[in-house]
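Visitor: Quick check, what structure comes out for this input:
(chains A and B)
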Amino acid sequence: MFKYFPHTENDLFAMKAKIGIRNTADLFRDIPENVAFRRDYDIPSAMSEIELRKHLEALAAENKTPIVFSGMGAYDHYNPAIIAQLVNREEFLTAYTPYQPEVAQGTLQYIFEFQSMVAMLSGMEVANASMYDGATATAEAMFMGLAIAKRNKFLVSATVSPFVLDVIKTYAHFRGVEIVMVPMKDGVIDRDELLALIGDDIAGLIVQKPNFYGIIEDYTGIADQLHAKKAILIENNDISTLAVLKTPSDDGADIACGDCQSLGMPLAFGGPYLGYMATKKAYARKLPGRIVGQSFDKNGKRAYVLTLQAREQHIRREKANSNICSNQSLMALYATIYLALMGPDGLKEVNEMAYSGAHYLYDELLKTGKFFVAFEQPFLKEFVVKTSLPPDLIRHALDEAGMFAAVVIDETASGMQMLLNFAVTEKRTKKEIDCLVAVLGGLSC
Amino acid sequence: MLNYDRLVFEQSVKGRKGYSLLNNTYPSKYQMADLGAKLRLKTVPLPELSELDVVRHYTLLSQKNFGVETGFYPLGSCTMKYNPKINEELAALPGFTRIHPLHYPSSIEGTLKIYRYLSEMLSEIVGMDAFTLNPFAGAHGELTGLMIMKQYHLNRQDFKRTKVIVPDAAHGTNPASSAVAGMDIIEIPSTASGLVDIEQLKAVLNDDVAGMMLTNPNTLGIFDRNICEICRLVHEAGGLMYYDGANLNALLGQARPGDMGFDIVHVNLHKTFSTPHGGGGPGSGPVGVKKKLAHLLPGPQVKETDGFCYIETSAESIGRVSGFFGNTLVWIRAYAYILTLGKENIKRVGELATINANYVKESLKDDYLLPIEGPCMHECVFDGLLDKSTNVTTLDIAKRLLDFGYHAPTIYFPLLFHQSIMIEPTETESKQTLDDFIAVMKTVAKEAKEHPDIVKEAPHATLVSRIDEVYAAKKMILTYQDLLEENAKINEVK
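Guide: As a prediction, this is how the structure comes out:
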């Protein structure tokens, strides 16, 4: 037999006898003959563990793993060793959704802790048990906003990440939601244009902080302008920055959402990451996805359980506002362990180091005379600069140097100059930055 | 540390620390404090713990959980098969975990090749022509597939087609996904055995039908023998057929949805292809389509010419449904699983899973009510105890199984029966395991007759007993802050 199939010939003989069949084909007699599959799949032959390991190691070796100096929604933060060790415990890893709470208190409690931590970071009152990623979380926040405002038109700031925007647009297109872009000015939302666009038919506005250009926008007053028209504010954040930045709650947001990849998750070519969504308690019943609440067992012992389940698929399934079912539970454990380990000081230090590194890199790049200020705006760990250097030249030089940086955001954003993205995390050192600047500063057209 | 029940916040002691970072060697003029009013006023009240505090806390939590390796997990419709260890190790190779999603395609050929190879293998296994691995989970795959269905009709200027036929026995996500894709649902009743009622189907087929979503084998574990006729009827009416892959495990080596006439398929890698469920994700829900729909797949897409992979989004694509390429490390695990089985073993999965399910069914039908006679496929459904004179319910039986160290089957689904118990043993479970489970199920049936209170009060051996769900919904204690406030209220009353 094969290592994942425990059936011996004797087992099969006894089982067939119990079932009352001579051969297994009898079990599949409902499959019409013309569609019965009677050949081998055209896929490779079985590999031993040794062959498999060699094969995947060879494929992994075809990927270059350079020093990462770019972000745009995926950040190379440090992931402490305990995370991988703990999340790989089979009791967490191989469990299903906690439908039997008596044997799933581990999952339920860490989700409760995760919800609490998301609420703390965002300043909001409630959070759900997770979304797929920051982009889909934002699209779902929009649907939630439509249900709250009972309108069908959403404003989106032009400074929102295009990856997030594309998902918003896809979801909106099929749902028949109208999206109106609010233009930007100097890298931030154009407040005059925004004010003119906030009408009685607007369900809400989606903004991002730090925005796609890394800029920490000032959203003071926007929520009031929206609320005056009974519209809502949705703010997308890289959640780790909320340890130090003014929170979406401070900005008056009604829904906070975004990605938690920065909280202990590897870059991993874009996934699995972790979306989050948090809101005011008044809107708790409109939150998509799962929510864990505290309760007691019949002996008065504290216990946790999935709650408020009568919201979506369970009852009003044909009128559902969200279809999310399996989400990213284990990634919520990554984030929870990371936050428990880093604590209030650790996450602040991570941001401080990133701030210092990013601003040092920014100044050093400008000093080379080949990179120029794109926006005079405050930033944290990520920024954009302009250059006239050809993109292929930059890419080639960085590839040779084992670095990944200067991702082109827009080739024509600023006349003949390109916009390039840089990001610095606490993993980077001054020496690495000096190397990067030396490589880029040595280039000429 | 028995009875450990603290929250991580309750383990916090001010001044403890669990991390270490590099020394800040940047010039001292770079100070985050310069951001001034952009900064938050109050420190985040995260807990403060040493490294061992954190490790022990989550280790203790893990011990309150039940996984596939803890014991038999016959959760119907969820395909709780063994999650091979080697796949965990390979997906964690630095070559896979350290790459940025926007990295140059020429620098990440390894991962892009896996995307291509896995797409091709899945196409072969389900009989489709092209795949996207970007959807994050089964329901996300459904949404993606329905968007493709809708766009197909829109592109043909066939604007009337906004309705999706969903049988009443379908998974709850089917109608929910249709609603989110902006489509109307036509729910059709099933026959007594949960099959598609052909007459009911004919009655709703019209020029406003975009397509039909179907699970086959259906949610009762029965293969719909009229499948070709169903596909023909829907196609003749101008609709497309959507295959919900939740029950694909039964078909491995037996039949392919593409051959039956389905146009769009989603596959749950976290079910059929053995990637761990993670307590509710991350899953992966790749979507496969027939050639005529391939140009509509969501972006970004991984393509290949002359052995070189590149990334592209076709202009006709439905757009982006995920920030990047889906749950990459999950689909890498599924790739490893398929290679381990190879063509020699993957064809046996459906057969062995089906034998296991039928063995359980035949062994329990003297004690539990079998509502539908005849062979089942990978899972079997009972309608509670055969002896209806006791007032022991399916919920009671499920809870009592926990006392014996078994995870409960899926209960109260499918909705067709009042006391549904849905058992899916999967091909990785042995006859001994099934025999032990069968014996326990019979013991519970006996207890229900002789000592019903033991069953009604179960579980007794778990860390917590039955939980007050009404209290949770009423009090809405959803965060530690809520909990502190509730405790303060209680103390005030005291």
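
Visitor: any idea how far whichever residue of the stretch 301-445 of chain A sits closest to chain B lies from B:Leu61?
Guide: Residue nearest to chain B within the stretch 301-445 of chain A (C-beta to the nearest C-beta): A:Leu330, separated by 3.1 Å. Quick note: C-beta positions are derived from backbone N, CA and C, even for glycine. A:Leu330 sits 13 Å away from B:Leu61, going by C-beta to C-beta, to the nearest Å.

Visitor: got it, and A:Ile21?
Guide: Taking C-beta to C-beta, one finds A:Ile21 at 45 Å from B:Leu61.

Visitor: Kindly list the longest helix within chain A.
Guide: Scanning chain A for the helix with the most residues, using DSSP state H, yields helix A:329-367.

Visitor: for the record, mean pLDDT for the helix or strand hosting A:Leu194?
Guide: Under the criterion of DSSP states H and E, A:Leu194 resides in helix A:191-197. Helix A:191-197 shows a mean pLDDT of 97 in the predicted model.

Visitor: Who are the packing partners of that helix?
Guide: strand A:153-157, strand A:178-182, helix A:222-228 (3 or more C-beta pairs under 8 Å, 6 or more residues apart in numbering or on different chains; DSSP states H and E).

Visitor: Could you pull up the residues touching the closest residue in space to the residue of the stretch 301-445 of chain A closest to chain B that isn't next to it in sequence?
Guide: Nearest non-adjacent residue to A:Leu330, counting by C-beta to C-beta, 6 or more residues apart in numbering or on different chains: B:Gly278, 3.1 Å away. Applying C-beta atoms under 8 Å, 6 or more residues apart in numbering or on different chains to B:Gly278 gives the contacts A:92-93, A:95, A:328-331, B:270.

Visitor: try 7 Å
Guide: The contact partners of B:Gly278, by C-beta atoms under 7 Å, 6 or more residues apart in numbering or on different chains, come to A:93, A:329-330.

Visitor: Could you identify which of the residues you listed has the most neighbours?
Guide: A:Ser329 (27 neighbours; other C-beta atoms under 10 Å in any protein chain shown).

Visitor: Find me the pLDDT at it, would you?
Guide: For A:Ser329, the predicted pLDDT is 97.

Visitor: For the stretch 151-300 of chain A, what lies in contact range of chain B?
Guide: Proximity of the stretch 151-300 of chain A to chain B, by C-beta under 7 Å from any C-beta of the partner chain, involves residues A:163-164, A:166-167, A:169-170, A:173-176, A:216, A:243-247, A:250, A:266-272, A:284, A:290-291, A:293-299.

Visitor: For the one helix or strand B:Ile338 maps to, buried residues please.
Guide: Using DSSP H and E, B:Ile338 sits within helix B:328-346. Across helix B:328-346, burial judged by 16 or more other C-beta atoms under 10 Å in any protein chain shown covers B:328-343, B:345-346.

Visitor: quick revisit: contacts for the helix holding A:Leu194, please.
Guide: A:155, A:180, A:182-183, A:225.

Visitor: Pretty sure the residue of the stretch 301-445 of chain A closest to chain B sits against A:Glu91.
Guide: No. Using C-beta atoms under 7 Å, A:Leu330 is not in contact with A:Glu91; the gap is 11.5 Å.

Visitor: per the record, what domains does chain B have?
Guide: Following automatic domain parsing, one finds the domains of chain B at B:1-26+B:39-62, B:99-346, B:349-456.

Visitor: Confirm that B:Lys271 sits in a helix.
Guide: No. Counting by DSSP: H, G, I helix; E, B strand; the rest coil, one finds B:Lys271 to be coil, located in no helix.

Visitor: My guess is it contacts B:Met80. True?
Guide: No. Counting by C-beta under 7 Å, B:Lys271 does not reach B:Met80; the two are 8.4 Å apart.

Visitor: Count the neighbours of B:Gln63 for me.
Guide: Residues near B:Gln63, counting by other C-beta under 10 Å: 15.

Visitor: so who does B:Leu248 touch?
Guide: Taking C-beta under 7 Å, 6+ apart, one finds B:267, B:272 in contact with B:Leu248.

Visitor: run the last query once more with 8 Å
Guide: By C-beta under 8 Å, 6+ apart, the neighbours of B:Leu248 are B:126, B:257, B:267-268, B:271-272.

Visitor: just to revisit the earlier point, let me know which of the helices and strands packed on helix A:191-197 is tucked in deepest.
Guide: Ranked by average neighbour count under the criterion mean count of other C-beta atoms under 10 Å in any protein chain shown, these are headed by strand A:153-157 at a mean of 23.

Visitor: Tell me the gap between it and the middle of its chain.
Guide: 20 Å (C-alpha atoms, centre = their mean, to the nearest Å).

Visitor: for it, packing partners?
Guide: helix A:134-149, helix A:162-175, strand A:178-182, helix A:191-197, strand A:204-208.

Visitor: try 6 Å
Guide: Secondary structure elements in contact with strand A:153-157, counted by 3 or more C-beta pairs under 6 Å, 6 or more residues apart in numbering or on different chains; DSSP states H and E, are strand A:178-182, strand A:204-208.

Visitor: okay, those strands in JSON lines with mean pLDDT next?
Guide: Below are those laid out as JSON lines (pLDDT from 0 to 100):
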{"stretch": "strand A:178-182", "mean pLDDT": "98"}
{"stretch": "strand A:204-208", "mean pLDDT": "98"}
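
Visitor: for these, which one sits closest to A:Glu113?
Guide: Smallest distance to A:Glu113 across the helices and strands packed on strand A:153-157 (C-beta to C-beta): 26.4 Å, for strand A:204-208.

Visitor: Extract the C-alpha set from the helix or strand harbouring A:Ala256 and format it as CSV.
Guide: Assigned by DSSP H and E, A:Ala256 belongs to strand A:255-259. Extracted C-alpha coordinates of strand A:255-259, given in CSV (Å, rounded to 0.1, in the frame of the first residue of the first chain):
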residue,chain,number,x,y,z
ILE,A,255,-14.9,50.9,10.1
ALA,A,256,-11.2,50.1,10.3
CYS,A,257,-9.7,47.5,8.1
GLY,A,258,-6.5,46.4,6.4
ASP,A,259,-3.7,43.8,6.5
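
Visitor: now what about it, what contacts it?
Guide: A:122, A:124, A:133-134, A:137-138, A:141, A:234-237, A:239, A:248, A:273, A:277-279 (C-beta atoms under 6 Å, 6 or more residues apart in numbering or on different chains).

Visitor: residues in contact with the closest residue to B:Tyr337 other than its chain neighbours?
Guide: Nearest residue to B:Tyr337 in three dimensions, chain neighbours excluded: B:Ser274, at 4.5 Å (C-beta to C-beta, 6+ apart). Going by C-beta under 6 Å, 6+ apart, B:Ser274 touches B:81, B:83, B:337.

Visitor: How about A:Glu91?
Guide: A:Glu91 neighbours (C-beta under 6 Å, 6+ apart): B:62, B:65, B:67.

Visitor: By neighbours, which of those residues wins?
Guide: B:Gly67 leads those on contacts (other C-beta under 10 Å) with 27 neighbours.

Visitor: Helix, strand, or coil at it?
Guide: Per three-state DSSP, B:Gly67 ends up coil.

Visitor: Distance check, the closest residue in space to it that isn't next to it in sequence against A:Gly264.
Guide: Distances taken as C-beta to C-beta, 6+ apart place A:Thr94 nearest to B:Gly67, at 3.7 Å, with adjacent residues excluded. Separation of A:Thr94 from A:Gly264 (C-beta to C-beta): 20 Å.
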